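> Sequence first, then the predicted structure, then my questions.
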Amino acid sequence: MCRSIKKLRNPQEPATSEEIQAAALQFVRKISGFSKPSTVNRQVFDAAVQEITDSAERLLEGLVTRGAPAASSRSSQT
């Protein structure tokens, strides 16, 4: 759907707030069909971008990834 949105989850180099907001903006543009909303739609457009930015930040902060590869985990248990 949004091919221009890059994957933001990278444990070695976390996404910046700017990258998350840019992805949210691209998402809202895609689903609304507006690259730049009219004055009458600006408030709801900006609110949607902010809500999605906030949700994406919570998602990325809450994701749990495996700490060690499976092979290392097994060898440390022996």
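Happy to help now that I have it. Numbering: from 1, shown residues only.
> what's the offset of the longest helix along the chain from the middle of its chain?
If you go by DSSP state H, the chain has its longest helix at helix 39-62. Its chain's C-alpha centre and that of helix 39-62 lie 11 Å apart, by Cα atoms, centre = their mean, to the nearest Å.
> what packs against it?
Helices and strands touching helix 39-62, by 3 or more Cβ pairs under 8 Å, 6 or more residues apart in numbering; DSSP states H and E, are helix 17-32. No exception for glycine: its C-beta is placed from N, CA and C like everyone else's.
> Output the lowest mean pLDDT helix or strand found in the chain.
Here the helix or strand of the chain ranked lowest by mean pLDDT, DSSP states H and E is helix 70-77, holding a mean of 46.
> still on that earlier bit, angle of the longest helix of the chain against helix 17-32?
Angle of helix 39-62 versus helix 17-32, following axes from the mean of the first three to the mean of the last three Cα atoms, to 10 degrees, is 130 degrees.
> What are the buried residues along helix 39-62?
Buried positions in helix 39-62, judged by neighbour count with 16 or more other Cβ atoms under 10 Å: Phe45, Ala48, Val49, Ile52, Thr53, Ala56, Glu57.
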